[in-house]
Structure formats: C-alpha cells, structure tokens
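> Got a predicted structure plus its sequence, pasted below:
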Amino acid sequence: MSGHRIVAALAIASALAFGVTTQASASPILGIELLQGIYSYQTTSSADNPLMISKSIGTFTMNGEINGLVTDPLSMDLTSWNVSSGAGGTLTIIASATGLDTPIWPGFLSQFSGNFSGAVTSVTLQTYLSTSNTMFDTTGILLSSLTGTGSPFATYGNSNATATGPFGITEVMTITTSGQATLSLDGSIASAPEIDASSGIAAIALLLGVVGLVSERRRQPEAIA
C-alpha cells in the first residue's frame, strides 16, 4: 500500500474515533493576488476550484499559482512555481477563500514545504483567519508563521483558534531572491483536532491521518456549487 493511502486510512480511523459528522456544504469564493514591487495582480472566482493562474510580474518572469479548496473536511492548498530574473526581488503570493462554513474540528494545522535553487534569500508562509469573512485579509488572527530553511524543506505549525462560519482564510507566501532562482513551493491549512503530544504514537497516527486525508482530497478537486 502506498504512503498516501496508509495515512488516508489513518485519517478515516481518526474520524471514526472522534464520531465526526459531515460538514455542511459551503459556497466559497477563491482568490489569488500577486505583489511585486510596484506591480500587482489579483483575481477571484466563485466558479473555479481550483483557481489557477500563470503570469509574469515584475522581476519574476514565470509564476504558476494554484489555490485549491476542499470543504469536507476543510482544507486550502496553495501550490506555487516561480522563476526570478537576475535582478531578483520580493514576490508576495496571496491565496484566499471566503464564505467558509464552521469546520467539523476546532483548531488548524498548517504545513509549508518545497525546494528551490539559485539565489534564494528567504521563503515564508503566514496564514490568517478572517472572522469578518474578508478576501485577502492579512489583519485577522495569525494562525501560523512558517519559514523554509534549506532545500528541500518541510515544516508545520498548529493553532487552537476556532472559526464560526461564514469566515475566510488567507495564506501569504513571500519569496525574496537576490538574483536568478527557481522555486517550487506548497503551503496548506486544514481544520484539525487538537493533538496532545504526550499521547505518543496515537497522537502521531492522528496527525498523519489528518494530513493524509487532506493530501488525498487535494488530488481530487471538487466543484463549487
């Protein structure tokens, strides 16, 4: 059995153990925004899931962005491919979703992973909860702040914040380069039950189960009603 199927099976077992009920369907709006120096671009859609763009902006000559949402259980994933020119610079990629329903689990689990080559100075990911249900809201509750160190890298963080629908989620990925570079990055946020690290193997299995289920559902994007 492949790794992602194993962790997906763990997720199902975890859901049964918690007696999880099905989350109500949402009618969200997805958005992507790019900021680079004096340049900016944004798009939103209630019909496209995942929402995808391919665009050059400023000193970043190639940018492919995918914002994908799963509503049951709730997760949002930002996948990014970027190439910067010899001039380098800072690129901010913002993925957002609004109109989200109350999650089946309290708390959130964030992950940030990827690889890069060339003159990369830093890569970071911040995730925000918008209780005002505002698109591209970076003034809400900070759920996590993650930094990629070395290549490849993978890191995660969790928050015990709770959300009541309708609300929004915003991920802010920031890339800084001093010259030509190529990057492939992934950041995601998912509702997840609080994990007690003292519970040892059971807690690890639960964590892997939640992450595995999110990964499995990301591979099967669902349409927005």
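Great, that's in hand.
> which residues of the chain score low on pLDDT?
Where the chain drops to pLDDT under 70, the residues are 1-26, 193-225.
> Tell me where it has strands.
29-36, 39-45, 51-54, 60-71, 74-84, 89-100, 108-130, 141-148, 153-159, 167-191 (DSSP state E).
> mind listing what's buried in stretch 150-160?
F153, G157, N158, S159 (16 or more other Cβ atoms under 10 Å). Backbone N, C-alpha and C define where each C-beta goes, glycine included.
> Tell me, how many residues neighbour the residue nearest to D101 when sequence neighbours are not counted?
Of all residues beyond its chain neighbours, the one nearest D101 is G165 (4.0 Å), with distances taken as Cβ to Cβ, 6 or more residues apart in numbering. Burial of G165 is recorded as 15 neighbouring residues (other Cβ atoms under 10 Å).
> cool, and G118?
16.
> Check the gap between it and M62 for me.
Using Cβ to Cβ, to the nearest Å, G118 is found at 13 Å from M62.
> contacting residues around the closest residue to S54 other than its chain neighbours?
Nearest non-adjacent residue to S54, counting by Cβ to Cβ, 6+ apart: G64, 5.0 Å away. By Cβ atoms under 8 Å, 6 or more residues apart in numbering, the contact list for G64 reads M52, I53, S54, S80, W81, N82.
> Select only the buried ones of those residues in ChimeraX?
With 16+ other Cβ under 10 Å as the criterion, this ChimeraX line picks the buried residues out of the contacts of G64:
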select :52,53,80,82
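> Pick out whichever of the contacts of G64 sits closest to I32.
I53 (5.6 Å; Cβ to Cβ).
> Bridged to the spatially closest residue to that closest one that is not a sequence neighbour, which residues?
Spatially, and ignoring its direct neighbours in sequence, I53 is nearest to E65 (5.1 Å; Cβ to Cβ, 6+ apart). With beta bridges defined as DSSP bridges, E65 has these partners: I53, S80.
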